[in-house]
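[1] I'll drop the sequence and a predicted model, then ask my questions.
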Amino acid sequence: MTTVNVQCRLAARPQETLKATDFDIVEEPKRVANDGQFVVQVSYLSIDPAMRTWMNAGRSYVPPVEIGEVMRALGVGRVVESRHPAFPVGAHVSGIFGVQRYAVSDGTDVNLVDTTLAPAPVYLSALGISGLTAYFGLLDVGRPEPGQTVLVSGAAGSVGSIVGQIARIKGCRAIGIAGGEEKRRWLVEEAGFDAAIDYKSADLRKELKVHAPDGVDVYFDNVGGATLEAALNRLARGARIVLCGAVSQYNDTPRGPANYMQLLVARASMTGFVIFDYAHRYPEGVAQLAKWLKRGELRSHEQIEYGDVADFPETLLKLFRGENTGKLILALGE
C-alpha cells in the first residue's frame, strides 16, 4: 500500500494579518529515494516568526515561498529510506524539510543529530537555529562586555530567552521585555534574567529608566516598532543594537523608528543580522551551547504542541498571538 505524504502548501500571500486559509493541506503519495537521496519522516517542526516574512513576495534575505509550494520549515526527523551512504536508515537528522510528513533530500544543508546527547526537539531550540541565532547575534554583533547591560525584546521567545542567558554567562546584566505577567516571572525565576518588563501593563520607557539607569549597552531586537523606539531612547554611549527580527511589524504596515537620531546622540550602531551568514561556524556555536547545557549554565525550554501537518496553521498563529514561552514546536503524530 502506498504511504501518503501530507503537506501544507502556501495557498495565498497573507494580506496583513495571517489566516489559516492562506494554506492548503494536500495529500500525495510519498516519494521514493533515488541514488544519492534519502527519505526523512519528519517528527518535529520549528515554528518561527521568520515564516511570516518568507510568505511575502518582496525582497528578503531568502527567496519567498511560492504559491503552491510546501511551506518552508526547519525540522528534525528520522531517515526511513536511504540511497545515500552518509545518511543511513534510522539516523536522526535536521534540515529545512518543509511542513510535510515525509521529505526527500540529497543531504544538502542536512545535519546528523545525536539524540543520546539531547532530545530531538532541543536541536530546534538551544542546539538549533534559535540557539545559534542568540549565540552569534549577541556575541559577534552585540559584542557585550562584563558588567554591561543587555536588553532583549521578545525575551520569552526561542531566541530572546537564550540571548539573556548567554548575557548572564558572559557577566552582563540581562533585562527582558515580554508580554504578560506570567512571562515576566518566567524570565526572572526560570530563565535567570536580572529583571523583566511586562510591556502590556507597564510604561516601557519609565521601566527602562528604573532597570537600566546607566543606559543600555546592547539591545537585541526581535520586535521592532514602539519597543525599538523605547530602547533607542535609553542607549548608553557606544551602544550596539542587533536587528534580529521585527515580529510586531510582520502583520502590519512596517514603520521605521521616528527617533533614529538617538543613534547619533549615543554614538551607537544598529546592525542587521541573518543567522545563515554564519553557517560555516555552526559547529563552533553548537559545541559551546552544548557545553553550557551540560554544565547547567544554559536551559533549553520547548513548548511542544502535538498534532499533525494540518495543525500547522493554527500552531503558527499561536506564535503571533503571543501564546508561547520558549521555543514553539509542532510534534507530528504517527
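    Structure received. Numbering: from 1, shown residues only.

[2] Okay, the residue most central in space within the chain and V141: tell me how far apart.
    Note on the chain: the residue nearest the mean C-alpha position is S130, at 4.4 Å, using Cα atoms, centre = their mean. According to Cβ to Cβ, to the nearest Å, S130 stands 16 Å off from V141. In this view, the C-beta of every residue, glycine as well, is placed from N, C-alpha and C.

[3] residue ranges for the helices of the stretch 151-300 of the chain, please.
    For the stretch 151-300 of the chain, the helices defined by DSSP state H, counting those that start in this stretch occupy 160-169, 181-189, 204-211, 225-232, 262-265, 282-295.

[4] Kindly calculate the angle that the third one makes with helix 225-232.
    What that stands for is helix 204-211. 30 degrees (axes from the mean of the first three to the mean of the last three Cα atoms, to 10 degrees).

[5] outside of helix 204-211, which residues touch it?
    Contacts with helix 204-211, where a contact means Cβ atoms under 8 Å, 6 or more residues apart in numbering, come from L151, I175, I177, A195, I197, V216, A226, T227, A230, A231, N233, R234.

[6] Pipe these into a markdown table and attach distance to R72, pLDDT and neighbour count per row.
    What follows is those, written out as a markdown table (distance: Cβ to Cβ, whole Å; pLDDT from 0 to 100; neighbours: other Cβ atoms under 10 Å):
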| residue | distance to R72 | pLDDT | neighbour count |
| --- | --- | --- | --- |
| L151 | 30 | 98 | 32 |
| I175 | 33 | 98 | 26 |
| I177 | 28 | 98 | 30 |
| A195 | 36 | 98 | 17 |
| I197 | 33 | 98 | 27 |
| V216 | 33 | 98 | 26 |
| A226 | 29 | 92 | 15 |
| T227 | 27 | 95 | 23 |
| A230 | 32 | 96 | 23 |
| A231 | 30 | 97 | 26 |
| N233 | 36 | 97 | 17 |
| R234 | 36 | 97 | 24 |
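
[7] Max pairwise distance over these: which two?
    A195 and A226 (19.6 Å; Cβ to Cβ).

[8] Q288 against Y135, yeah?
    Yes - in this structure Q288 lies within contact range of Y135 using Cβ atoms under 8 Å: 6.9 Å.

[9] Give me the more crowded residue out of the two.
    With other Cβ atoms under 10 Å as the criterion, Q288 and Y135 differ in neighbour count, and Y135 comes out ahead with 26 against 16.

[10] and that one, what are its phi and psi?
    Per-residue torsions, Y135: phi -60, psi -60 (degrees, to the nearest 10).

[11] how about it, what does it touch?
    I162, I166, G285, Q288, L289.

[12] How about A118: what's its closest non-neighbour residue?
    Nearest residue to A118 in three dimensions, chain neighbours excluded: L127, at 5.9 Å (Cβ to Cβ, 6 or more residues apart in numbering).

[13] tell me the secondary structure for the one you found?
    For L127, the secondary-structure state derived from DSSP: H, G, I helix; E, B strand; the rest coil is coil.

[14] next one: D109
    Secondary structure, three-state DSSP: D109 is coil.

[15] Give me the distance between it and P88.
    19 Å.

[16] Likewise for T227?
    According to Cβ to Cβ, T227 and P88 sit 47 Å apart.

[17] repeat for D22
    With distances taken as Cβ to Cβ, D22 is found 38 Å from P88.

[18] same thing with R9?
    Taken as Cβ to Cβ, the span from R9 to P88 is 30 Å.

[19] who has more neighbours, the two?
    Neighbour totals were compared for R9 and P88, and R9 leads with 18 against 11 (other Cβ under 10 Å).

[20] ok but the more buried one is inside a strand, no?
    Yes - counting by three-state DSSP, R9 is found in a strand.

[21] so it touches F23, yeah?
    Yes - counting by Cβ under 8 Å, R9 does reach F23; the two are 6.7 Å apart.

[22] Could you name every residue contacting both of these two?
    M71.

[23] Okay, now the unreliable bits of the chain?
    Scanning the chain for pLDDT under 70 picks out 1-2, 251-253, 334.

[24] Check the offset of stretch 46-63 from the chain's centre.
    When C-alpha coordinates are averaged (Cα atoms, centre = their mean, to the nearest Å), stretch 46-63 and its chain have centres 12 Å apart.

[25] err, stretch 303-314, not the other one
    The answer for stretch 303-314 is 17 Å, by Cα atoms, centre = their mean.

[26] Next, the buried residues of that stretch.
    Q303, E305, V309, D311, F312, P313 (16 or more other Cβ atoms under 10 Å).

[27] Give the burial count for the residue lying closest to D217 once chain neighbours are set aside, as a bare number.
    Leaving aside its sequence neighbours, D217 sits nearest to Q148 (Cβ to Cβ, 6+ apart; 3.8 Å). When neighbours are defined as other Cβ under 10 Å, Q148 has 22 of them.
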